[in-house]
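# Generate a structure from the sequence data that follows.
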Amino acid sequence: MQTIYTDALVIGGGLAGLRAAIGVRRRGFEAIVLSLVPPKRSHSAAAQGGMQASLGNTHKGWGDNEDVHFADTVKGSDWGCDQAVARMFVHTAPKAVRELAAWGVPWGRVERGGHEHVINGKRVVVEEREDAHGLIAARNFGGTQKWRTCFVSDGTGHSMLYTMSNQAIAENIPVHERMEAISLIHDGERCHGAVVRNLVTGELLTYVARVTCIATGGYGRLYRATTNAVINEGMGTAIALETGVAALGNMEAVQFHPTGIFPAGILVTEGCRGDGGLLLDRDEHRFMPDYEPEKQELASRDVVSRWMEHHIHAGRGVQSRFGEHLWLDIRLLGKKHIEGKLREVKEICEYFLGIDPVTSLIPVRPCQHYSMGGVRTGHTGESPQLKGLFAAGEAACWDIHGFNRLGGNSVAETVVAGMIVGEYMADAVADSAAIDVSTALLRDAQDTQARRLAAYGNSGGSENPFAIRREMQELMSRNVGIFRNGERLQQAVDGLIALRQRARNIRVNSALRGNNPELVAAYRVNSMLRLSLCIARGALAREESRGAHFREDFQLRDDRNWLCRTLATWNMRDDDGPRLDYEPLDIARMELPPGWRGYGAKERIEHPDSAARQAEVDAVNARHENGDRFARQRALMPFTDLLPETLRGRNARLGEDEAGRPTTSTGAST
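Numbering: from 1, shown residues only. From the prediction side, this is the model:
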């Protein structure tokens, strides 16, 4: 049995995992990163449009600050997020984007003078300030009041990931590639590392660590049509669930992006609509203003996706041999803009559709994109149920997104969570004693996995893991999609249970010990079925509509009964399904009590304490009118003590004094 010891084990080599490892390493501790692929091939590279941070440098971002970003994030979540964690996030995001700039990310920059933009389908000239020249620029994104999405053309994630990976190399952080954590090692109270399979040789190893962090991204491959990479099967989330101790949060909250190219499902960035692109139907009619006259194409993703599907179901879709779709029109942006700021979109259209978006409409339809659910953590990123287990990024339910994520908040979360969680991981290492793990526990963990893998080759069954996975993906796409109802969700639950029964009879015909795709599919599909059941059962139980979770049979957001977070755990001894519990959201501690989002449905079932809390908030706001906005915020919901001390400092902006009030004088922002 080969055992590797380290202070911190980070499972996942994308932005969140690398940044957490850098944080641990900079505190003088050892960190090892495990990655299915070379880090620069991680799914973080696919992020196109940008990263939200309230710098307020551009003309259309003037007046932006943490308060505005916070309000947008809470409304985007449909009041499903942890507001204290959302505050931590918006406070740290400007620090994160500036750190990345210092490391070498070539953010788009403000250029003085007049610049032509397309806003609401019309060409307008926006005049940029002289004193903002050279500062980090931002573009518009859905669900925001200000332009705050910092960008590198439409290859933001690519640029960020390469820079982050280079920084990890500079910090001498070892990354063990082609390695998959297939089980966590724990004693029921504390996580001690993971059993890891070498995907090249098939060898099993044990990694023992004082702290372990899951940063493996989302689980989009539970669905047939998804923008997620093929490696995004949710294995990091699954091995946390399979401890039988750690809980997953809000698994039913699954986001569908409005503009996946049709029929391939490859992402076309929200930056297309943020920069002025329009959604058109079969008659080339711009339909979003009919449904959302204020935000139009730039309502939040859950709202736009639903209206698109509604419009198709109303008979306004474009017919094709692959099915119905709608059009995305970016022709009005012009050749220079598309080839400069949307060049990846142009290449995707050329390679996968054979069209030039400079002159042609882009066929689009919503498809699965993001997982708001994940390993439930506290504000430090640590699991409340299993000490020593942390999570960051899309794999975590930290929880800044609630039931819907705003565009640009995910790539921001990867770096921000990495910064914050990395510090708390280092604190945990510093506070822990030397590693003291029973050899028997390690050997039992590895032997259990070895027997599990061997059983697939010795099975007397005849089921094919690839066939079961395809049926699962079809079942999830058909019944647990954008529109949900009790009948279809029950069909999904019943179908998944039947697939789990069939999966017990999977047989792997190949005896290859190393690179064995059939074996990999066999052990992963069982975990994917568990995650799918957590989603389907959570969605069936939640009898309301909130964010991306929309029930046709319960169309109102129900704050009276469902202002809570779903927690799913799985008893591996019985292995008969998830147990659902609920974590109430305390309205008395909310800085922003539940209300209308500014888009989408206004009707809702009010929480009985909403009016009282809103009156308290209004009284505090009145006392601090025209005063120190930081004092007002502290009076409503203190949060800075939740942050690592190094991240508590205020963010500087042009045209803002020390109390956060607008000024006529300006100073350097970055």
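# residue contacts, the nearest residue to A536 once chain neighbours are set aside?
Excluding its sequence neighbours, the residue lying closest to A536 (C-beta to C-beta, 6 or more residues apart in numbering) is A492, at 4.3 Å. Just so you know, the C-beta spots here come from the backbone N, C-alpha and C atoms, and that holds for glycine as well. Going by C-beta atoms under 8 Å, 6 or more residues apart in numbering, A492 touches 475-476, 478-480, 532, 536, 540.
# Check the gap between the residue lying closest to S300 once chain neighbours are set aside and L241 for me.
In space, and not counting its chain neighbours, S300 is closest to G143: 3.8 Å by C-beta to C-beta, 6+ apart. Using C-beta to C-beta, to the nearest Å, G143 is found at 30 Å from L241.
# Just want to know which of the two has more residues nearby.
Counted by other C-beta atoms under 10 Å, G143 and L241 do not tie: G143 has more neighbours, with 28 against 24.
# Phi first, then psi, for the residue nearest to A417 when sequence neighbours are not counted.
Spatially, and ignoring its direct neighbours in sequence, A417 is nearest to A392 (4.2 Å; C-beta to C-beta, 6+ apart). Dihedral angles of A392 (phi, psi; degrees, to the nearest 10) stand at phi -150, psi 150.
# State whether A392 and L15 are indeed in contact, as I suppose.
No - between A392 and L15 there is no contact under C-beta atoms under 8 Å: 9.3 Å.
# so what sits against both of the two?
Joint contacts of A392 and L15 (C-beta under 8 Å, 6+ apart) are 414, 418.
# could you pull out the strands for the stretch 551-670 of the chain?
557-558, 564-570, 578-584, 604-605 (DSSP state E, counting those that start in this stretch).
# so can I have TSV of the contacts of A492 showing secondary structure and distance to A412?
Shown next, in TSV, are the contacts of A492 (DSSP: H, G, I helix; E, B strand; the rest coil; distance: C-beta to C-beta, whole Å):
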residue	secondary structure	distance to A412
L475	helix	33
M476	helix	28
R478	helix	33
N479	helix	32
V480	coil	27
S532	helix	28
A536	helix	30
L540	helix	32
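# any idea which of the residues you listed is the one closest to N464?
The closest of those to N464 turns out to be L475 (C-beta to C-beta; 16.1 Å).
# Phi first, then psi, for the residue nearest to D82 when sequence neighbours are not counted.
Leaving aside its sequence neighbours, D82 sits nearest to D399 (C-beta to C-beta, 6+ apart; 4.6 Å). Per-residue torsions, D399: phi -160, psi 100 (degrees, to the nearest 10).
# quick revisit: redo the strands of the stretch 551-670 of the chain as JSON lines? Include mean pLDDT, mean neighbour count and distance to K95.
Listed next are the strands of the stretch 551-670 of the chain as JSON lines, based on pLDDT from 0 to 100; neighbours: other C-beta atoms under 10 Å; distance: least, C-beta to C-beta, whole Å:
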{"stretch": "strand 557-558", "mean pLDDT": "97", "mean neighbour count": "23", "distance to K95": "33"}
{"stretch": "strand 564-570", "mean pLDDT": "97", "mean neighbour count": "22", "distance to K95": "27"}
{"stretch": "strand 578-584", "mean pLDDT": "96", "mean neighbour count": "15", "distance to K95": "29"}
{"stretch": "strand 604-605", "mean pLDDT": "96", "mean neighbour count": "18", "distance to K95": "35"}
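# and of those, who's closest to R365?
It is, among those and with distance given as C-beta to C-beta, strand 557-558, at 25.5 Å.
# and the closest one, what does it pack onto?
Contacts defined by 3 or more C-beta pairs under 8 Å, 6 or more residues apart in numbering; DSSP states H and E place strand 557-558 against strand 604-605.
# The strand it packs on: how far from the chain's middle?
Relative to its parent chain, strand 604-605 has a centroid offset of 27 Å by C-alpha atoms, centre = their mean, to the nearest Å.
# which other helices and strands contact it?
Judged by 3+ C-beta pairs under 8 Å, 6+ apart, strand 604-605 is in contact with strand 557-558, helix 559-562.
# could you give the mean pLDDT of stretch 268-287?
In this model, stretch 268-287 has an average pLDDT of 93.
# Please apply the same query to stretch 320-339.
93.
# what's G598 in contact with, if anything?
75, 294-295.
# again with N485
Neighbouring residues of N485 by C-beta under 8 Å, 6+ apart: 551-553.
# sorry, back to before: neighbours of the residue nearest to A417, just the number please.
Neighbourhood size, A392 [other C-beta under 10 Å]: 35.
# Doesn't M308 belong to a helix?
Yes - according to DSSP: H, G, I helix; E, B strand; the rest coil, M308 belongs to a helix.
# For it, give me its contacts.
Listed by C-beta under 8 Å, 6+ apart, the contact partners of M308 are 258, 279, 326, 365-366.
# where do the strands sit along the stretch 251-400 of the chain?
Under the criterion DSSP E, counting those that start in this stretch, the stretch 251-400 of the chain carries strands at the ranges 254-261, 278-280, 318-320, 323-329, 362-371, 374-376, 389-391, 396-397.
# Give the residue spans of the chain that score low on pLDDT.
For the chain, the stretches flagged by pLDDT under 70 are 664-670.
# One more pass at 50, please.
Residue ranges of the chain with pLDDT under 50: 665-670.
# Name the SS class of the residue of the chain most remote from its centre, please.
In the chain, counting by C-alpha atoms, centre = their mean, G460 sits farthest out from the average C-alpha position, at 40.1 Å. Here G460 is coil, with the state taken from three-state DSSP.
# circling back: and of the helices and strands packed on strand 604-605, who's closest to A46?
Closest approach to A46 among the helices and strands packed on strand 604-605 (C-beta to C-beta): strand 557-558, 31.0 Å.
# Show me what the closest one is in contact with.
Residues from elsewhere that reach strand 557-558 (C-beta under 8 Å, 6+ apart): 78-79, 543-546, 601, 604-605.
# With adjacent residues omitted, what lies nearest to H325?
Per C-beta to C-beta, 6+ apart, closest to H325 is F262, 3.9 Å.
# Does that neighbour touch W327 like I think?
No - shown here, F262 and W327 do not form a contact pair, counting by C-beta under 8 Å, at 9.7 Å.
# joint contacts of those two?
363-364.
# Tell me which of those two has more neighbours.
More neighbours surround F262 than the other of F262 and W327, with 25 against 20 (other C-beta under 10 Å).
# So the residue nearest to A536: helix, strand or coil?
helix.
# Now C191. Its backbone dihedrals?
Dihedral angles of C191 (phi, psi; degrees, to the nearest 10) stand at phi -90, psi 140.
# Export the helix or strand encompassing V211 to PDB, keeping only CA atoms.
Using DSSP states H and E, V211 sits within strand 204-214. Coordinates of each C-alpha in strand 204-214 appear next as PDB, following Å, rounded to 0.1, in the frame of the first residue of the first chain:
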ATOM      1  CA  LEU A 204      -4.700   2.500  -5.900                       C
ATOM      2  CA  LEU A 205      -2.900   4.900  -3.500                       C
ATOM      3  CA  THR A 206      -3.800   6.500  -0.200                       C
ATOM      4  CA  TYR A 207      -3.300  10.200   0.300                       C
ATOM      5  CA  VAL A 208      -3.300  11.200   4.000                       C
ATOM      6  CA  ALA A 209      -3.700  14.900   4.900                       C
ATOM      7  CA  ARG A 210      -4.600  17.100   7.800                       C
ATOM      8  CA  VAL A 211      -7.200  18.900   5.700                       C
ATOM      9  CA  THR A 212      -8.800  17.900   2.400                       C
ATOM     10  CA  CYS A 213     -10.600  20.200  -0.100                       C
ATOM     11  CA  ILE A 214     -13.000  19.200  -2.800                       C
END
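# Give the pairing partners of that strand; include direction for each.
In the sheet, strand 204-214 lines up against strand 2-11 (parallel), strand 191-198 (antiparallel), strand 389-391 (parallel) (DSSP bridges).
# No more questions from me, cheers.
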